[in-house]
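S.K.: Fold the following for me, if possible:
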Amino acid sequence: MTIEETILTQLIYNETYARKVLPFLKADYFQDRKERVVFEEIRKFVDSYKKIPTKQSLEIDLDNRRDLTDEEYKIIIEKIKNLEKSEVDQEWLINSTEKFCKDKAVYNAVLKGISIIQGKDKKLSPEALPEILSEALAVGFDNHVGHDYIEDGESRFDFYRQKEEKIEFDLEFFNKITKGGLSNKTLNIALAGTGVGKSLFMCHHAAACLMQGRNVLYITLEMAEERIAERIDANLMNIPISDLETISKKMFTDRLEKIQKKTQGKLIIKEYPTAAAHSGHFRALINELALKKSFRPDIIFIDYLNICSSSRFKSNANVGSYFYVKAIAEELRGLAVENDVAIMSATQTTRGGFSNSDIDLTDTSESFGLPATADLMFALINTEELEGLNQIMVKQLKNRYNDPGVNKRFVIGVDRSKMKLYDCEQTAQQNIQDSGIDLEVGIQPKYERFSEFKV
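M.R.: This next block holds a predicted model:
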C-alpha cells in the first residue's frame, strides 16, 4: 500500500488522525488524479458535516460529479471499495504524513519554478522564486490550537519565570520603560516632526544593535543606502559626519576593522523608492538574504512607515489615509510576528504637533490607526531650550511593555555631528514632571562607545 492510499484509508477510519492532518493536506499533493478526486470528496464532506465520511457517502457524492469519464468513475469507485481499515502506529502515521506533505510541497514548488523560468506562468516572474521555495520548505504540522487556561497552567507558570530574550538599548531609560529592551514580534514607533531626529534615533539604535552582535536589517525609503551608512559610520567611528569626506583611507579602514573585531553581527542596508515598497517586498528581501547570504535579521528598521505602501490597498485606492496607514502598520506588525523579529520605525507629527512641546497621540499624522497597532510608541520632542542643551525629550505615548505612567518623560543627550545619543547626567532629569527618576541613584553618561576612537 502506498503512502497516498494509507492517508486516504486513515482519513475515513481514523477521526483523530483526520482532524490533525486535514488542515495541512492539499489536493495537489496527490499526483494521481483518481486519488486526488477521492481526497477532494473527503475534504468536501468534512467541511460540510464536520465529521469523517463513510465509503458509502463518498460513493454517493461521487455520482454528483460531472467532470469524470465513465472509465474514471469506475476506477475511483473501485479505489474507494478497496480502502479497508487497518491498524497503524499513530506517531509513525503522522510523521510519515508530514514528510509526505513536505516532499510534495517542495516537488510542486520546483515544477512551478520551472514553469516560471520557461515563461509558461504569465502571472509570476522569477523574482517570486525565493518566496515560493521558502514557503514550500516551511511546510510542517503545527497542531497547537490555543492555550488551555486550566490544562496549560503549569507551562504558563514556567513562562512567567522564563527570561525573555530582548534587544537592549544602550540608553538607560529606554531599557527601563521596555523592561530590558525590545521584544520580538513587536512594532515600535518613534513619533517626531521633520528634522527632530527620527532617522538619527534609528541609525543610533541600529549601530548599538550591531555592536551587541545582532544581525540588523535597515530598510530606507527616504535616504540613499550610502547616506544611512554614513550616519552609522559617524556614530560608530566617533567622527563628525562632515569629516568623513576628508579623513584618510587608512584611518577609515583602521576604524572599520576595529568595529568588525568588536561584533559578530551584520548590518544590511537596503534602499527602496519612496512609497514603492510594502511588506511583501520586505518579506521577499528577508527570504533572499537568507538564501544568498545566510542572513536572518534580529531586528528590522524601516525608515519610515508612512512612506511605505500597503500590500492590500493600491496607493490610489479610495480608502482614506486612516485605513491606508493603519493597513501598513498591521502588515509590518504581521511581518514582525511571521519572522520573529522586532521592527523599529517612525512616523511624522501633524503640523500642529511639529511646534508642540508636549506631543500627544492625537498629534500622529494621517492615521490614528497607527498607535492602535503599535506595541511601543514614543515622541521625540525638540525645543530651542533643549537644542541649546544638546538634548531631546522623550515622552511615552503607548507602551505594552510596561506602565507608560512611570518614566513618562525623560531627556537624552544628542550629538548631531556624530549622530549619537547618550544618557544624560542625573541632574538633567530632576525638573521633569513624571520622569520617575530616583534622585539617590546617579546615571553615568555613556557618551563614548569606543574610547580609542576619540578624536
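S.K.: right, and the helix or strand after the worst-scoring helix or strand of the chain on mean pLDDT?
M.R.: Lowest by mean pLDDT, DSSP states H and E among the helices and strands of the chain is helix 351-354, with a mean of 62. Using DSSP states H and E, the helix or strand that follows helix 351-354 in sequence is helix 369-373.
S.K.: following that following helix, which helix or strand comes up?
M.R.: strand 376-381.
S.K.: from the chain's centre, how far out does that next one sit?
M.R.: 21 Å (Cα atoms, centre = their mean, to the nearest Å).
S.K.: And for stretch 132-147?
M.R.: A distance of 16 Å separates the C-alpha centroid of stretch 132-147 from that of its chain, computed with Cα atoms, centre = their mean.
S.K.: how far does that stretch stretch from start to finish?
M.R.: 31 Å (Cα to Cα, to the nearest Å).
S.K.: From here on, call the first residue 58.
M.R.: Happy to do that; since the first residue is 58 now, the last one works out to stretch 189-204.
S.K.: what's next to that stretch, contact-wise?
M.R.: Here stretch 189-204 makes contact (Cβ atoms under 8 Å, 6 or more residues apart in numbering) with 77-78, 81, 151, 154-155, 158-159, 162-163, 165-166, 169-170, 181, 213, 344, 347-348. Yep, even glycine has a C-beta here, placed from its N, CA and C like the rest.
S.K.: max-length strand in this structure?
M.R.: The strand that spans the most residues within the chain, counting by DSSP state E, is strand 448-456.
S.K.: Just name whatever secondary elements that one is in contact with.
M.R.: Helices and strands touching strand 448-456, by 3 or more Cβ pairs under 8 Å, 6 or more residues apart in numbering; DSSP states H and E, are helix 229-234, strand 433-438, strand 466-472.
S.K.: What mean pLDDT does it get?
M.R.: For strand 448-456, mean pLDDT rounds to 94.
S.K.: Partner strands of it, with direction?
M.R.: Within its sheet, strand 448-456 is paired with strand 433-438 (antiparallel), strand 466-472 (antiparallel), according to DSSP bridges.
S.K.: What lies in contact with the first one?
M.R.: With contact meaning Cβ under 8 Å, 6+ apart, strand 433-438 is reached by 234-235, 239, 243, 245-249, 253-255, 258, 406, 413-418, 420, 427-428, 449-458.
S.K.: Buried subset of those residues as a ChimeraX selection?
M.R.: Command for ChimeraX that selects the buried part of the contacts of strand 433-438, burial taken from 16 or more other Cβ atoms under 10 Å:
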select :234,235,239,243,245,246,247,248,249,253,254,255,258,406,413,416,418,420,427,428,449,450,451,452,453,454,455,456,458
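S.K.: thinking again about what came up before, any chance of CSV for the helices and strands packed on strand 448-456, columns distance to residue 333 and mean pLDDT?
M.R.: Listed next are the helices and strands packed on strand 448-456 as CSV, based on distance: least, Cβ to Cβ, whole Å; pLDDT from 0 to 100:
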stretch, distance to residue 333, mean pLDDT
helix 229-234, 31, 95
strand 433-438, 25, 94
strand 466-472, 31, 94
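S.K.: how about those, which one is nearest residue 134?
M.R.: strand 433-438 (60.9 Å; Cβ to Cβ).
S.K.: Distance from the helix or strand just after that closest one to the middle of the chain?
M.R.: Once the chain leaves strand 433-438, the next helix or strand it forms, by DSSP H and E, is helix 441-445. Relative to the centre of its chain, helix 441-445 is centred 36 Å away, using Cα atoms, centre = their mean.
S.K.: Then stretch 113-121?
M.R.: With Cα atoms, centre = their mean, you get 45 Å for stretch 113-121.
S.K.: same thing with stretch 177-191?
M.R.: Here stretch 177-191 is found 21 Å from its chain centre; the criterion is Cα atoms, centre = their mean.
S.K.: which parts of that stretch are buried?
M.R.: Buried, per 16+ other Cβ under 10 Å, within stretch 177-191: 186, 187, 188, 189, 190, 191.
S.K.: ok, those residues vs residue 104, which is closest?
M.R.: So of these, ranked by how close each gets to residue 104 (Cβ to Cβ), first place is residue 189, at 26.3 Å.
S.K.: Any figure for the gap between that closest one and residue 454?
M.R.: Distance, residue 189 to residue 454, by Cβ to Cβ, to the nearest Å: 40 Å.
S.K.: can you check residue 462 too?
M.R.: 12 Å.
S.K.: in the stretch 108-257 of the chain, which spans are strands?
M.R.: Under the criterion DSSP state E, counting those that start in this stretch, the stretch 108-257 of the chain contains strands at 243-249.
S.K.: where does it dip in pLDDT?
M.R.: Residues of the stretch 108-257 of the chain that meet the criterion pLDDT under 70 lie in 199-202.
S.K.: all helices of it, in order?
M.R.: Using DSSP state H, counting those that start in this stretch, the helices of the stretch 108-257 of the chain run over 112-119, 127-138, 147-174, 186-194, 210-217, 229-234, 255-268.
S.K.: what angle do the longest one and helix 186-194 make?
M.R.: Between helix 147-174 and helix 186-194, the angle formed by their directions is 170 degrees, by axes from the mean of the first three to the mean of the last three Cα atoms, to 10 degrees.
S.K.: Report all helices and strands that helix 147-174 contacts.
M.R.: Partner elements for helix 147-174 (3+ Cβ pairs under 8 Å, 6+ apart): helix 60-70, helix 72-78, helix 186-194.
S.K.: Mean confidence (pLDDT) on the second one, please.
M.R.: It refers to helix 72-78. 90.
S.K.: in it, what counts as buried?
M.R.: Buried residues in helix 72-78 (16+ other Cβ under 10 Å): 74, 75, 77, 78.
S.K.: Equivalent analysis for stretch 308-316, please.
M.R.: In stretch 308-316, counting by 16+ other Cβ under 10 Å, buried: 312, 316.
S.K.: re earlier: right, and the strands paired with strand 448-456 - which one's nearest residue 264?
M.R.: Per Cβ to Cβ, nearest to residue 264 of the strands paired with strand 448-456: strand 466-472, 12.9 Å.
S.K.: from the chain's centre, how far out does the closest one sit?
M.R.: Counting by Cα atoms, centre = their mean, strand 466-472 comes out at 28 Å from the chain centroid.
S.K.: what's the helix or strand following that strand packed up against?
M.R.: Counting by DSSP H and E, the next helix or strand C-terminal to strand 466-472 is strand 477-480. When contacts are defined as 3+ Cβ pairs under 8 Å, 6+ apart, strand 477-480 packs onto helix 255-268, strand 466-472.
S.K.: With respect to burial, which of those scores highest?
M.R.: Compared across those, helix 255-268 shows the largest average neighbour count, a mean of 24 (mean count of other Cβ atoms under 10 Å).
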